[in-house]
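*Asks:* build me a structure from this.
(chains A and B)
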Amino acid sequence: MQKILIVEDDEKLRNELEIFLSHQGYQAECLKKFDNTIHDILEINPNLILLDINLPNVNGEYICKEIRKQSDMGIIAVTSRDNELDELVSINYGADHYITKPFNIHILLAKVNSLLRRTNSNSEPKNKIDAKDFILNISNSTIIKDDKIIDLTKNEYKILKYFIENREKIVSREDIMDVLWENDCFVDDNTLSVNITRLRSKLEELGLKDIIETKRGQGYMLKGEK
Amino acid sequence: MNFKSFIKDKILLCFLLLFGIATIEIFLIPYPFGNFIKIYIPVAIIFIYIIGLSIEYFMKQRFYKDLEDTLNNLDDKYLISELIKVPSFIEGKILKDLLEQINKSMVENVNKYKYKQEDYKEYIELWIHEIKIPIASSKLIIENNKNQTTKSIDEELQKIENYIEQALYYARSNTVEKDYYVKKANLKDIVNESIKKNKNVLIHEKISVNVHDLDLEVNTDNKWIIFILNQIIQNSIKYKKQYKNLEIEIYAKQGKENVILYIKDNGIGIKKGEITRVFEKGFTGTNGRLIGKKSTGIGLYLCKNLCNKLGIAIELNSVQDEGTEIRLVFPKSSYLDIQ
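*Replies:* Next up, the predicted model:
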């Protein structure tokens, strides 16, 4: 399991971050004392740290620089100051990403994910998701079942991927739109309906009829594999 | 200063002189001087006096004319004391000296307010950074406890965040110092970012967003432009028609000397007579008085202000009941290209 260390002086914020990240399947830990920060961080040796730049007593940029000298763990600098110069400074000191409070949770998660993928070079990036009854090929956005291959559009691919990640859970239309919008596809309600209809008929071609179930008034659900 | 007013100023001296000449003439009566002497003395005195006056007049006239011309050509008129040549006559020297003292005292006074304002701005920025921490915590708490209630709180939090951002940029827009950072940026990234910022409301209100032709580069400060777009998008949402789906269209066109970004909506629009006033501070207009709109008259004023600082032109076109179009004109700067 990937270890994430939260270096943040606001107690409530770090506790909630810890809960949030452990919900997402990471091993999250917090640093509670800041008198020997650099030493502590190196001793815990996480895969990634979320580093608040404005810590009491110590300078976050200095920590960044010192850690970078001895380790190449992922560093995401967190701050409440938002101007481009601060961003430049932290990146120059060796932070991999920079995020401002109050952060968008999805962006934070996306940055964590991409950074962990990159720092862990031994775990090859997966280019196929095996959904048991079919396979989703990430590299060329196609679904594969037995010998049949069907192309998906960008939107259909994103929707299906989200369904697979939340298999056997109800996802609302708003949740799906949220995911699409986060990926720069600003679809409206009608387009979403069209996308889902098309996705359904493509799945039907593969003999996966009614695998996406409509839950009236709540949304959709991808049924579990037979 | 003309000759007439100069002579008027010297009128007392002239009378005294005439009185002196008359006195001399009276004293000369008992003595047996010829008429030549009796006429020569007053003529000589008057002649010499006129020469003296003329020299003084031309000297002063030149000095004051010079002063006036320089002052008229000067943008910052308070700098005049630095530019006057040291005059050769005593009143001029006193004037220059006084001007310098007055100037110094004024600069001190202005600085006092400048520092006060600077101080206040720093406090506001600090306060804003402080308040972002509890907001960040609250958002995480909501994320960790997702339900209808927290979702509703999340929407309110978003509003708080918007107001805080407005305050931050208001503080920034009012200072002389430059705290933005201009670099090459892609319009697509900027627009996408600002739409994502408003994603929750846009999805919730079923607003369709149509973005196209945005793959153009401009020189600007990302954060400021995102803030400006944010204000514009929020306005569109605020002033949408009640029973019609709002459509927002954002696209850009490459001009010869500039790149123009268009933000169009099909909202309630703005009354014809009020269009020119929408960028005024505190102007709310007819739309602002509609029930439930809560206009502050700050949003567009701030946009204009920030655009001015960034060297971007902001223009607004609107037809009542049909919609509003806002254009942001980014100039092409060869200077920045070289950099």
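*Asks:* helices of the stretch 51-200 of chain B, residue ranges please.
*Replies:* B:80-83, B:90-144, B:148-173, B:187-197, B:199-204 (DSSP state H, counting those that start in this stretch).
*Asks:* mean neighbour count, these: which tops it?
*Replies:* Most buried of the helices of the stretch 51-200 of chain B, by mean neighbour count (mean count of other C-beta atoms under 10 Å in any protein chain shown): helix B:187-197, with a mean of 20. C-beta: built from backbone N, CA, C; applies to glycine.
*Asks:* just the C-alphas of that one, formatted as CSV.
*Replies:* What follows is helix B:187-197, C-alpha atoms only, in CSV (Å, rounded to 0.1, in the frame of the first residue of the first chain):
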residue,chain,number,x,y,z
LEU,B,187,-6.9,30.2,-23.3
LYS,B,188,-8.4,26.7,-23.3
ASP,B,189,-6.7,25.9,-19.9
ILE,B,190,-7.9,29.2,-18.5
VAL,B,191,-11.5,28.8,-19.6
ASN,B,192,-11.7,25.1,-18.6
GLU,B,193,-10.4,26.0,-15.2
SER,B,194,-12.9,28.7,-14.6
ILE,B,195,-15.8,26.5,-15.7
LYS,B,196,-14.6,23.7,-13.4
LYS,B,197,-14.6,26.2,-10.6
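*Asks:* rewinding a little: looking at the helices of the stretch 51-200 of chain B, which is closest to B:I45?
*Replies:* Evaluated over the helices of the stretch 51-200 of chain B, closeness to B:I45 peaks at helix B:90-144, with 23.9 Å, by C-beta to C-beta.
*Asks:* domain parsing of the chain, as residue ranges.
*Replies:* You didn't say which chain, so I picked chain A. Structural domains annotated on chain A: A:3-119, A:128-222, as defined by automatic domain parsing.
*Asks:* actually, chain B is the one I wanted.
*Replies:* According to automatic domain parsing, chain B comprises the domains B:3-105, B:119-173, B:183-338.
*Asks:* so does the last one get close to chain A?
*Replies:* Think domain B:183-338. Yes: with C-beta under 8 Å from any C-beta of the partner chain as the criterion, chain A is reached by domain B:183-338 at B:183, B:192, B:195-196, B:199-200, B:202-204, B:206-211, B:221-223.
*Asks:* what distance separates that domain from the middle of the whole chain?
*Replies:* In terms of C-alpha atoms, centre = their mean, to the nearest Å, the centre of domain B:183-338 is found 21 Å from the chain centre.
*Asks:* residue contacts, B:Y251?
*Replies:* Going by C-beta atoms under 8 Å, 6 or more residues apart in numbering or on different chains, B:Y251 touches B:211-214, B:261-262.
*Asks:* tell me the bridge partners for it.
*Replies:* Counting by DSSP bridges, B:Y251 forms beta bridges with B:H212, B:Y262.
*Asks:* which pLDDT value does the model give residue 121?
*Replies:* I went with chain A, as the question did not name one. The per-residue pLDDT reported for A:S121 equals 56.
*Asks:* ah, no, chain B please
*Replies:* 84.
*Asks:* and for A:K154?
*Replies:* Value for A:K154, per-residue pLDDT: 89.
*Asks:* run a quick neighbour tally on it.
*Replies:* Residues lying near A:K154 (other C-beta atoms under 10 Å in any protein chain shown) number 13.
*Asks:* and it, how far is that from B:N192?
*Replies:* For A:K154, the distance to B:N192 (C-beta to C-beta, to the nearest Å) stands at 14 Å.
*Asks:* how about the contacts of B:Y251, which pair is most distant?
*Replies:* B:H212 and B:L261 (12.0 Å).
*Asks:* mutual contacts of these two, please.
*Replies:* The overlap between the contact sets of B:H212 and B:L261 (C-beta under 8 Å, 6+ apart) consists of B:250-251.
*Asks:* those two: who's more crowded?
*Replies:* Between B:H212 and B:L261, counting by other C-beta under 10 Å, B:L261 is the more crowded of the two (25 against 10).
*Asks:* next, the buried residues of the longest helix seen in chain A.
*Replies:* Identified as the longest helix of chain A according to DSSP state H is helix A:189-205. By neighbour count on 16 or more other C-beta atoms under 10 Å in any protein chain shown, the buried set for helix A:189-205 is A:192, A:195-196, A:199-200, A:202-203.
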